[in-house]
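A.B. asks: Just need the structure, nothing else, for what follows:
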Amino acid sequence: MTQLTHRRRFLATSAAAAIAVCSAGPVRAADAFRIGLIAPLTGPFASTGKQLEAAARLYIARHGDAVAGRQVELIVKDDGGNAEVTKRLAQELIIGDKVQVIAGFGLTPLAFATAPVATQSKTPMVVMAAATSSITESSPWIVRSSFTVAQGVAALADWAAKNGIKRVVSLVSDYGPGVDAEKFFNERFVARGGTIVEPIRVPLRNPDFAPFLQKVRDAKPDALFAFVPAGVGSALMKQFSERGLDKAGIRLIAEGSVTDDDILDGMGDVAVGVVTSHHYSAAHNSPANKAFVEAFAAANGGRRPNFMAVGAWDGMHLIYEAAKATGGAGGEALLNAMKSQSFESPRGPVQIDPATRDIVQNIYIRKVERINGQLWNREVDTLPMVKDPGKTKP
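C.D. replies: Residues are numbered from 1 along each chain as shown. Okay, the predicted model is just below:
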């Protein structure tokens, strides 16, 4: 079968199944296999939630709405990015809806707030987005299908040290993943002989980067290292240009969330040449990813999937394969069946480390380039099967 034929069949199957799923209505079978997806579908992080939901629904469309002889029911809840709401929704899904697994968790505080609920109820919890290293340590019932910030930024620090960058200002959003980004980039960069001129943290919600970027310009480093959550990179990039940091010869290097595929093409020429490290690019050159990107675009008005989407897609894969292995059972059997999976993802090869329940995956060094009139994160180097440095010795 040719690659083109494979992709056409993928798209046709996805579209047909999507119609079936959407037409199923609210009737619930008593023996349904229920997945509770909690995501921020409104508020400042809505782009994250929409990518998560879209990819989860696409997975069901592609792989069918039944598993191990049980009807799959995806129950989606909007937490608006509020941790207390996330926790309450998780309790309602487990107690009221009798879900076999809870999933999603678009931000670190949302995952931390829910971890005790998973532990107390002995419900498997699949973290599809949140990226602080210690999340999996907060409950033995958590499996992560997303990434950790530390995986990417340590690789970027190595790249910077090898490419003539000596003095760096770090700028991160002030919450768990940002603190991880600052710690693991700065420590690795200094260990490689570099200098951190100043570490800067900015508010997570409604940040105004302008005064912080002026401090960066005044410090005159070789480069600015940045981390902000998905969807916020446009504002950072715009103000980076407005403050003239690019014209002052200050390079921008970043954790890959800054050049999020979902918004990258709208950033303009200021993004061209920005070097980032991450575990996924919509430009990743593999048959599995090309099929995924085409199917996602077809189902979502031409929109690109980003790293949140691939985290949800792979999280659904973990759930489906575990359900098959356990005959649709939940609880500890389902958790154990997720803990040692390995498979080919649209991002490349991945596996779950059974000791940490965290994901092991390739990390890519990428450069933003304009290809056929659009901006893409083109992969220029690969670090194979990286474990989370937050759980391993340097």
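
A.B. asks: how about the nearest residue to Asp260, chain neighbours excluded?
C.D. replies: Among residues not flanking Asp260 along the chain, Ala230 sits closest, at 4.8 Å (Cβ to Cβ, 6 or more residues apart in numbering). C-beta coordinates here come from the backbone N, C-alpha and C atoms, glycine included.

A.B. asks: count of neighbours near that neighbour?
C.D. replies: Under the neighbour criterion other Cβ atoms under 10 Å, Ala230 is assigned a count of 23.

A.B. asks: thought it was touching Thr48?
C.D. replies: Yes - counting by Cβ atoms under 8 Å, Ala230 does reach Thr48; the two are 5.2 Å apart.

A.B. asks: Using CSV, write out every CA atom in stretch 234-247.
C.D. replies: Written as CSV, here are the backbone C-alpha positions of stretch 234-247 (Å, rounded to 0.1, in the frame of the first residue of the first chain):
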residue,chain,number,x,y,z
SER,A,234,2.9,35.0,20.3
ALA,A,235,2.8,37.7,23.0
LEU,A,236,6.4,37.0,24.0
MET,A,237,7.6,37.0,20.3
LYS,A,238,5.7,40.2,19.5
GLN,A,239,7.2,42.1,22.5
PHE,A,240,10.7,40.7,21.8
SER,A,241,10.5,42.4,18.4
GLU,A,242,8.9,45.6,19.7
ARG,A,243,11.7,46.0,22.3
GLY,A,244,14.2,45.5,19.5
LEU,A,245,16.1,42.6,21.1
ASP,A,246,16.5,41.0,17.7
LYS,A,247,18.0,44.1,16.2
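
A.B. asks: so how far is it from its chain's centroid?
C.D. replies: Computed by Cα atoms, centre = their mean, to the nearest Å, the chain-centroid distance of stretch 234-247 equals 24 Å.

A.B. asks: Run through who's touching it.
C.D. replies: Contacts with stretch 234-247, where a contact means Cβ atoms under 8 Å, 6 or more residues apart in numbering, come from 207, 209-210, 213-214, 216-217, 224, 226, 228, 252, 258, 263, 266-268, 270-271, 274.

A.B. asks: 7 Å instead?
C.D. replies: 209-210, 213-214, 216-217, 224, 226, 228, 252, 258, 263, 266-267, 270-271 (Cβ atoms under 7 Å, 6 or more residues apart in numbering).

A.B. asks: Which positions within that stretch qualify as buried?
C.D. replies: Across stretch 234-247, burial judged by 16 or more other Cβ atoms under 10 Å covers Ser234, Ala235, Leu236, Met237, Gln239, Phe240, Ser241, Arg243, Leu245, Asp246.

A.B. asks: Equivalent analysis for stretch 98-112, please.
C.D. replies: Result for stretch 98-112 [16+ other Cβ under 10 Å]: buried residues 99-112.

A.B. asks: Could you find the closest non-adjacent residue to the residue most central in space within the chain?
C.D. replies: Residue closest to the mean C-alpha point of the chain, counted by Cα atoms, centre = their mean, is Met308 at 3.7 Å. Excluding the flanking residues, the one nearest Met308 by Cβ to Cβ, 6+ apart is Gln51, at 4.0 Å.

A.B. asks: any chance you could map the strands in the stretch 151-300 of the chain?
C.D. replies: 167-173, 195-202, 223-227, 251-255, 275-278 (DSSP state E, counting those that start in this stretch).

A.B. asks: And the last one, what does it pack against?
C.D. replies: Here strand 275-278 touches helix 149-162, strand 251-255, strand 358-371, going by 3 or more Cβ pairs under 7 Å, 6 or more residues apart in numbering; DSSP states H and E.

A.B. asks: Look at the residue nearest to Met308 and tell me its secondary structure.
C.D. replies: Assigned by DSSP: H, G, I helix; E, B strand; the rest coil, the conformation of Gln51 is helix.

A.B. asks: Pull the contacting residues for it.
C.D. replies: Gln51 neighbours (Cβ under 7 Å, 6+ apart): Asp262, Pro305, Asn306, Met308, Ala309.

A.B. asks: go with 6 Å
C.D. replies: Applying Cβ atoms under 6 Å, 6 or more residues apart in numbering to Gln51 gives the contacts Asn306, Met308, Ala309.

A.B. asks: So the last one versus Ala56, what's the distance?
C.D. replies: Distance, Ala309 to Ala56, using Cβ to Cβ, to the nearest Å: 9 Å.

A.B. asks: Settle it for me: which of the two has more neighbours?
C.D. replies: A count of neighbours by other Cβ under 10 Å puts Ala309 above the other of Ala309 and Ala56, at 32 against 24.

A.B. asks: Check which helix or strand the more buried one maps to.
C.D. replies: Per DSSP states H and E, Ala309 falls inside helix 307-326.

A.B. asks: Tell me which entries of the buried residues of stretch 234-247 lie within helices.
C.D. replies: Applying DSSP state H to those, the entries found in helices are Ser234, Ala235, Leu236, Met237, Gln239, Phe240, Ser241.

A.B. asks: just checking, next helix/strand downstream of the helix or strand bottoming out on mean pLDDT in the chain?
C.D. replies: Least confident element among the helices and strands of the chain, by mean pLDDT, DSSP states H and E: helix 3-22 (a mean of 43). Sequence-wise, the next helix or strand downstream of helix 3-22 (DSSP H and E) is strand 33-39.

A.B. asks: Just the angle for that next one relative to helix 307-326, thanks.
C.D. replies: 160 degrees (axes from the mean of the first three to the mean of the last three Cα atoms, to 10 degrees).
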